[in-house]
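from the sequence below, what's the structure:
(one chain, ligands or ions: 2)
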Amino acid sequence: MKNIYSNIYSFDKIILKKTVRLLEQNSVVGLPTETVYGLAGNAYSKSAIKKIFKFKKRPSHNPLIIHYNNLKDAKQDVIFNKSFLKLYKKFCPGPLTFVLKKKAKSKISSLATANLNTVAIRFPNHKIIKNILKSIDSPLAMPSANISSGLSPISALDVFKEFKKKLKIIIDGGVSKVGIESTVIDLCTKPRILRPGVIVERDIRKVLKVNLSKKNLKLRSPGMMRKHYSPGIPVILGQTPKSSSHAYIVFGKKYKNINNYFNLSKKANLKEAAANLYKIMRKIKDKGYKKIYVSKIPKTGLGLAINDRLKRASK
Ligand code: AMP
Ligand code: MG
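Ligands and ions are numbered 1, 2, ... in the order given. You can find the predicted model right below:
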């Protein structure tokens, strides 16, 4: 069914068919996942991947995450190992992305992987994207549905505001529950977290029963830019605002309800804070604030992912 934004659709059999047809024709569409909304295209098609990079204005050296519905399909493209299978069993489908070696016979477009011999793969956990993946023959390359370096979208309306009518279809699957991007773990050598997320180091360590490597963390992923997740106004960390025209992002119950204060989680719950992070940054921007100050947020567990996004937003 259509609503007033003429390219935002709720999900039904007809829209499933239309979406699958568009993807098979190598068009790109906006789709919900549990982490953030994605800009999806056929991972096997050079022309679809070209569109994704162009729409997002994403630098070509920043590879895309490839999304699958099941292990059998992923096995066509990457080489599994024991760590991967253990983590898959525990966390998938879910907000965890694995970097694995690419198979020589893989059909994934080399544009999508920025010519690397590795691939980042994920099994998303949202019934709409699972349904779509089940209905097409190829996996989907799907970065966040926003112009590169900005805030990731967590609703269909956020996607609409980025790309307007340039997308034929944006499917509305509700607000993304996780609200920040997946954890990325490199399993090509000693396991190493490249990007923190809601699945935290301790959860992973418990399953793998090894300490994760901290080596070369500076290098991280190709294309993992220092400036990222930016709301488009200055973000200043660890200081209090100097005027009421500046917004203050806070965390925990000690902060009062003041007009320019935006609490990520009054209960000091990090999961809730992560889910609120982009929502609150967009709200602040929309209200016309000129700067965002941010109070201290714990630097443990999921707090690491929140601090990572805030730090990049502040660059
Ligand atoms: P995004 O699509 O914006 O969620 O970002 C995907 C992240 O995964 C980026 O930071 C990439 O650098 C990272 N990534 C994708 N493919 C690879 C790969 N083959 N090796 C290492 N990192 C990757
Ligand atoms: Mg992104």
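
list the buried residues for the helix or strand harbouring residue 22?
Using DSSP states H and E, residue 22 sits in helix 13-24. Buried residues in helix 13-24, defined by neighbour count with 16 or more other CB atoms under 10 Å: 15, 16, 19, 20, 22, 23. Placement of C-beta: from N, CA and C, glycine included.

quick one, what contacts the last one?
Same thing as residue 23. Listed by CB atoms under 8 Å, 6 or more residues apart in numbering, the contact set of residue 23 reads 29, 40, 41, 42, 48, 132, 136, 140.

helix or strand for the residue nearest to residue 180 when sequence neighbours are not counted, which one?
With sequence-adjacent residues excluded and distances taken as CB to CB, 6 or more residues apart in numbering, residue 180 is closest to residue 274, at 4.9 Å. Assigned by DSSP H and E, residue 274 falls within helix 270-286.

again with residue 49
helix 46-56.

name the residues of the stretch 1-150 of the chain found near ligand 1, please.
62, 63, 64, 65, 99, 113, 116, 118, 119, 120, 143, 144 (CB under 6 Å from any ligand atom).

the last one is in contact with residue 179, isn't it?
It refers to residue 144. No - Residue 144 is not in contact with residue 179 according to CB atoms under 8 Å; the separation is 11.6 Å.

looking at the two, which is more packed in?
residue 144 (27 against 22; other CB atoms under 10 Å).

look up phi and psi at the more buried one.
Phi and psi for residue 144, reported as degrees, to the nearest 10, are phi -60, psi 150.

cool, and residue 292?
Torsion angles, degrees, to the nearest 10, at residue 292: phi -120, psi 120.

show the pLDDT at it.
We have a pLDDT of 97 for residue 292.

burial count for it?
Counted with other CB under 10 Å, residue 292 comes out at 25.

contact partners for it?
Here residue 292 is in contact with 231, 233, 234, 235, 236, 246, 247, 248, 249, 281, 284 (criterion: CB under 8 Å, 6+ apart).

got the residues you listed as CSV, with pLDDT, neighbour count and secondary structure columns?
Output for the contacts of residue 292, formatted as CSV (pLDDT from 0 to 100; neighbours: other CB atoms under 10 Å; DSSP: H, G, I helix; E, B strand; the rest coil):
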residue, pLDDT, neighbour count, secondary structure
231, 94, 20, coil
233, 94, 16, coil
234, 95, 13, coil
235, 97, 22, strand
236, 97, 15, strand
246, 96, 19, strand
247, 97, 27, strand
248, 98, 23, strand
249, 98, 24, strand
281, 97, 25, helix
284, 97, 22, helix
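
and the helices in the protein?
Using DSSP state H, the helices of the chain run over 13-24, 46-56, 71-75, 82-91, 127-135, 156-163, 201-208, 270-286, 303-313.

now render those helices as CSV, adding distance to residue 293.
As requested, these are exported to CSV (distance: least, CB to CB, whole Å):
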stretch, distance to residue 293
helix 13-24, 41
helix 46-56, 29
helix 71-75, 43
helix 82-91, 35
helix 127-135, 36
helix 156-163, 23
helix 201-208, 28
helix 270-286, 10
helix 303-313, 11
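
show me what contacts residue 270?
298, 301, 302, 303, 306.

which of these tops the neighbour count?
Neighbour max across the contacts of residue 270 (other CB under 10 Å) = residue 306, 25 neighbours.

pull the contacting residues for the residue nearest to residue 124 when sequence neighbours are not counted.
Computed as CB to CB, 6+ apart, the closest residue to residue 124 that is not its neighbour in sequence is residue 33, at 4.4 Å. By CB under 8 Å, 6+ apart, the contact set of residue 33 is 67, 124, 125, 126, 129, 142, 173, 176.

doesn't residue 275 make contact with residue 179?
Yes - under the criterion of CB under 8 Å, residue 179 makes contact with residue 275 at 3.7 Å.

got any residues that touch both of the two?
If you check residue 179 and residue 275 against CB under 8 Å, 6+ apart, no residue is contacted by both.

on that earlier part again, any common contacting residues for residue 144 and residue 179?
The contact lists of residue 144 and residue 179 share residue 36, where a contact means CB under 8 Å, 6+ apart.

quick one on the thing from earlier: can you redo the contacts of residue 270 as TSV with distance to residue 264 and pLDDT?
Shown next, in TSV, are these (distance: CB to CB, whole Å; pLDDT from 0 to 100):
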residue	distance to residue 264	pLDDT
298	11	96
301	14	95
302	11	97
303	10	97
306	8	97
